[in-house]
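Peer 1: Based on what follows, work out the 3D shape:
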Amino acid sequence: MCDSLLEALESSGSTGTLGRLVQVVVQRVYTVPFPQSSALKHRGLWTSPGTEVATSQSSSSRVCVLVQDSWGVFGEVRLQQSGSEPHPQRFQAWEGRSCVLRDVTVVQRVTRDRCVHLFSLIDSLWPPALPVTVECGAATCEESQVKVQPPSFCYRLSGREGSLLLSQGHPPSPLYQPAVLQSLAEILQAERRGVCCSFIAAVVFVQLQDSDAGDRESWLFVTDASLQGASGGRGSCSRCVAVCLRPSCSLQDSVRQAIGSSSPPSSSSACWLRFKDAVLQQGGVVCLEQTVVSPEPAGPSGPLPRPLVLDPLSPDTPPNTLCSLSGVVLGVEEDSAYSWPVCSVCESERLEIAPDKTSAFVCTACGVVVEKPTVKLHLEVFLSCPTLGPQATVKVKVRSHVRGRQLWKRRGHR
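Peer 2: This is a model prediction of the structure:
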């Protein structure tokens, strides 16, 4: 038994397996995706309410445990799948507990320039809650007045669920640093970018990128009471925050269903989500593989006001911003107006007439039979906006989704 990952690595030999037991603390637990079979890679990110997902998220993700020893060295243990993988949320109870590593193999040694996002999470856990052990000449001592720099490397390890022997009946380790929840106003007012943040927010709008591939980047526009209050939206803070969901961020089925059936944020059944260890960047928040997204029953400050407050469109409004716009319709661009059907499951445009049914389609992307495809509508209108200037005219692209085939039959491909 030892308390140093580096010491155990020195005794690993040529096999790469730790030759000694190592006592560490579990700081974070999250999941990372791994490639699925070719038959499933075209499935969409979201499913419509009431539709079933062919495979569960646990079958396409791997549980990762970020551990830290008493010397301040971090290791990311990726647990291998064996048969039916337990639900990843079961592992969340591991956070904060001391454990012993055994039978784990070193996969690689990553540095800051090779894995920036992982070290954003490590930096949020530094400095440690307790002084770390450092070298003092030929002996060792606890860091007191010497400032220890954040780690510049981290080991990725591979193991199984039995590779972590958790302590039983003990309180959380003093080295554990839980995620600190902040309001969106506090996060937006922070000067540093590239740091981890945790918050609870209501989903206002969901924007999917137009792609047939299942792995795609999507956006959630969220808000909370700190941005909707009387003092919200002032200075550099807007009324809504754009949250980018990267394909590396694994979402559980409960989160997908909550987003797919979300109600207006001001209602009692609004979709509230908890974002843990997301990364604050210029223009919004990014969810990566170290980010954990989970549903919340309600907001920390109760329902949001009605109606929801959004920032008005102005000449200074940055791109990818959810805002409000009012004006008088001057005309419609009829030459560019059209509608088209897509799959109601994966939103792919690759639909073909079913061979045995003339009133149904077959999606060649995901293979399902589509009785009522979703119809997307593209329309451009011109608005006069006095708030932007006395002669200001804005062209707005209106895109809507219609269930069924009625609109498509009436308009054809126009």
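Peer 1: List the contacts of the most centrally placed residue in the chain.
Peer 2: Central residue check for the chain by CA atoms, centre = their mean: the C-alpha nearest the mean position is that of Cys287, 3.5 Å away. Going by CB atoms under 8 Å, 6 or more residues apart in numbering, Cys287 touches 243-246, 249, 275, 278-279, 293. Every C-beta, even on glycine, is put in place using the N, C-alpha and C of the backbone.
Peer 1: Same question for Ala392.
Peer 2: Taking CB under 8 Å, 6+ apart, one finds 384-386 in contact with Ala392.
Peer 1: Turn those into TSV, including neighbour count, secondary structure and distance to Val25.
Peer 2: As requested, the contacts of Ala392 are exported to TSV (neighbours: other CB atoms under 10 Å; DSSP: H, G, I helix; E, B strand; the rest coil; distance: CB to CB, whole Å):
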residue	neighbour count	secondary structure	distance to Val25
Ser384	15	strand	61
Cys385	18	coil	56
Pro386	11	coil	60
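Peer 1: ok, those residues vs Cys196, which is closest?
Peer 2: Using CB to CB, Cys385 comes nearest to Cys196 of the contacts of Ala392, at 38.7 Å.
Peer 1: neighbouring contacts of stretch 98-105?
Peer 2: Residues outside stretch 98-105 that contact it (CB under 8 Å, 6+ apart): 1, 8, 15-18, 21-26, 67, 75, 77, 157-160, 162-167, 170, 173.
Peer 1: Please repeat the previous calculation with a cut-off of 6 Å.
Peer 2: Contacts to stretch 98-105, defined as CB atoms under 6 Å, 6 or more residues apart in numbering, come from residues 16-18, 21-26, 157-159, 163-167, 173.
Peer 1: Generate a ChimeraX selection restricted to the buried entries among these.
Peer 2: A single ChimeraX command selects the buried members of the contacts of stretch 98-105 (16 or more other CB atoms under 10 Å):
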select :17,18,22,23,24,25,26,157,158,159,163,164,173
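Peer 1: Tell me which entries of the contacts of stretch 98-105 lie within strands.
Peer 2: 22-26, 157-159, 164-166 (DSSP state E).
Peer 1: Point out where the stretch 301-414 of the chain drops to low pLDDT.
Peer 2: For the stretch 301-414 of the chain, the stretches flagged by pLDDT under 70 are 357-359, 400-414.
Peer 1: again, only this time at 50
Peer 2: 404-414 (pLDDT under 50).
Peer 1: Sketch out the helices for it, chain order is fine.
Peer 2: Ranges of helices in the stretch 301-414 of the chain, per DSSP state H, counting those that start in this stretch, are 406-411.
Peer 1: Make JSON lines out of the contacts of Cys287 and add neighbour count, secondary structure and pLDDT.
Peer 2: Formatted as JSON lines, the contacts of Cys287 follow (neighbours: other CB atoms under 10 Å; DSSP: H, G, I helix; E, B strand; the rest coil; pLDDT from 0 to 100):
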{"residue": "Val243", "neighbour count": "23", "secondary structure": "strand", "pLDDT": "95"}
{"residue": "Cys244", "neighbour count": "20", "secondary structure": "strand", "pLDDT": "94"}
{"residue": "Leu245", "neighbour count": "24", "secondary structure": "strand", "pLDDT": "94"}
{"residue": "Arg246", "neighbour count": "16", "secondary structure": "coil", "pLDDT": "92"}
{"residue": "Cys249", "neighbour count": "24", "secondary structure": "coil", "pLDDT": "91"}
{"residue": "Phe275", "neighbour count": "24", "secondary structure": "strand", "pLDDT": "97"}
{"residue": "Ala278", "neighbour count": "27", "secondary structure": "strand", "pLDDT": "97"}
{"residue": "Val279", "neighbour count": "23", "secondary structure": "strand", "pLDDT": "95"}
{"residue": "Val293", "neighbour count": "24", "secondary structure": "strand", "pLDDT": "95"}
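Peer 1: quick check, nearest of these to Thr31?
Peer 2: Taking the contacts of Cys287 together and measuring to Thr31 by CB to CB, the closest member is Cys249, at 9.1 Å.
Peer 1: didn't that closest one look like it was pressed against Val292?
Peer 2: No. Cys249 is not in contact with Val292 according to CB atoms under 6 Å; the separation is 8.9 Å.
Peer 1: thinking again about what came up before, which single one of the contacts of Cys287 is nearest to Gln92?
Peer 2: Val293 (12.3 Å).
Peer 1: contacting residues for that closest one?
Peer 2: By CB under 6 Å, 6+ apart, the contact list for Val293 reads 251, 255, 273, 275.
Peer 1: how about 8 Å then?
Peer 2: By CB under 8 Å, 6+ apart, the neighbours of Val293 are 249, 251-252, 255, 273-276, 287.
Peer 1: just checking, which of the residues you listed belong to helices?
Peer 2: Val255 (DSSP state H).
Peer 1: which one of the contacts of Val293 is nearest Pro303?
Peer 2: In terms of CB to CB, no member of these lies closer to Pro303 than Leu273, at 15.5 Å.
Peer 1: What's opposite the closest one in the beta bridge?
Peer 2: Beta-bridge partners for Leu273, by DSSP bridges, are Ala201, Pro295.
Peer 1: Start at 409, not 1
Peer 2: Got it, the first residue is 409 from now on, which makes the last one we talked about Leu681.
Peer 1: pLDDT at it, what is it?
Peer 2: Looking at Leu681, its pLDDT reads 95.
Peer 1: which residues are in contact with whatever helix or strand Phe629 lives in?
Peer 2: Secondary-structure assignment from DSSP states H and E places Phe629 in strand 626-631. With contact meaning CB under 8 Å, 6+ apart, strand 626-631 is reached by 453-454, 592, 609-617, 647-653, 667, 673, 681, 712, 716, 728, 730.
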